[in-house]
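# Return atomic coordinates for the entry below.
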Amino acid sequence: MQDISLDDSICIFEKDNSGEVLQTWTYPSVDESLRQVALNRTGLTSNRVNPFTFSKFKNTWIYIYTVSLLNHKDKDASYTPPEPLKHVVAFSICIFRNNFNPEKYASLSQIMSNIYLKLGDPSKLLECQLRAWNKGQFDVGALGKFVDAEFDVRRSYLATSIKDIIKLFQEDIILVWNAMLIKKRVVVYSDKVSSLLKVIRALPLFVFHRQNWSLLRPFVTIDELEIKDLTATGVYCAGFIDSSIKSREDLYDILIDVNSKEVTVASHAKDQFVLGSFHKDILKTLIESADNEEINDQTLIKLLTQKIKDLLGKLESLKVEVDGKSIVTLESLQERKLPAGMDKFLFNVATAEGINER
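Coordinates of the predicted model:
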């Protein structure tokens, strides 16, 4: 299993019956900033526990599986916690990796949680880590079986239906497409983590030709450390469950509100979202394809990708010579007397695609 090394870390946070939350085990190590971010995102300190979340901080993906022992006892009246967990009311298994594959690490962290719930022994989690590294799989019987080869990252890319996202936001989806194409800052809000993660992981599908999921920050809190990291990345798709984010226009160019099914353009970015005939054509393709049962997600993505490639081909033909370099300039586009807003849109696309840097 080549993408898991001994440098990848695991840690456990526990919440005891007095409400105190502690990091009780780590292998091999987690730096203080990453530890604090992971703790924020467990929900243990806020009593907002989510079974599984995935997020990112700097270049590290954080996969967290949380178990409430109280809920587990309600489901299984015969459950008796092992001695190390006698005074624990909830715990989180945090897995730190350098790659995006939520399904893989949901499976791995759930199995580790099953083991810890039964034994309360973190050394058993280390055994899972080493078996996964050496053999690419391990089997712990009724507690679960992990096989790395079963988790193709391409399936993770397509885990959320792009058609579902289009149907959710209807005509507002063109604002999402535009933001993704010209690399604007996107914030997604939902009061439910599960809904948030479902929507935000699908956004790169609208610019599938880039195949870039690294710009995702699926779950971020308002903590100063996390906001500082977010702003340092420049362009991002960031998810929040704190409604106060909606008033933070300094952090986004568009806001996708999953609860209200609305997309709002920040006041400072409105001139970047002037929609013309090309946008109407894209919107028509998106809406009609989403409503057509004979068109699946893969076909829709291919249609959208082809339209973008055609646009990029057109941009190549609009290059002009400047100081011996062939580039697309805003001035040359304006001279062509294009429809309102089209010149700036094309220039933004050229910049986002790096056409002027080749």
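# State the distance from the closest residue to E316 other than its chain neighbours to E321.
Spatially, and ignoring its direct neighbours in sequence, E316 is nearest to I355 (7.3 Å; Cβ to Cβ, 6 or more residues apart in numbering). C-beta: built from backbone N, CA, C; applies to glycine. Plainly put, I355 is 14 Å away from E321 if you go by Cβ to Cβ, to the nearest Å.
# Between those two, point out the one with more neighbours.
Shown here are I355 and E321; by other Cβ atoms under 10 Å, I355 has more neighbours (19 against 9).
# Now do the same contact list for that one.
When contacts are counted by Cβ atoms under 8 Å, 6 or more residues apart in numbering, I355 touches 312, 315-316, 319, 327-328.
# go again using 10 Å as the cut-off
312, 315-316, 318-319, 326-328, 346-347, 349 (Cβ atoms under 10 Å, 6 or more residues apart in numbering).
# Farthest-apart pair in the residues you listed, please.
S326 and V349 (16.3 Å; Cβ to Cβ).
# And those two? Which one has more around it.
Of the pair S326 and V349, V349 is the one with more neighbours under other Cβ under 10 Å, namely 20 against 12.
# so where is the stretch 201-350 of the chain shaky, pLDDT-wise?
The stretch 201-350 of the chain contains no residues with pLDDT under 70.
# Spatially central, which residue of this protein would that be?
When the chain is reduced to its mean C-alpha position, the nearest residue by Cα atoms, centre = their mean turns out to be P218, at 3.5 Å.
# in stretch 36-47, what counts as buried?
36-44 (16 or more other Cβ atoms under 10 Å).
# Report the backbone C-alpha coordinates of it in CSV.
Extracted in CSV, the C-alpha atoms of stretch 36-47 (Å, rounded to 0.1, in the frame of the first residue of the first chain):
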residue,chain,number,x,y,z
GLN,A,36,-5.5,21.4,17.7
VAL,A,37,-7.2,21.4,14.3
ALA,A,38,-8.1,17.7,14.6
LEU,A,39,-9.4,18.3,18.1
ASN,A,40,-11.6,21.2,16.8
ARG,A,41,-13.0,19.0,14.1
THR,A,42,-13.8,16.0,16.3
GLY,A,43,-16.7,17.9,17.9
LEU,A,44,-15.9,16.4,21.2
THR,A,45,-15.4,19.8,22.9
SER,A,46,-18.6,21.2,21.5
ASN,A,47,-20.9,18.1,22.1
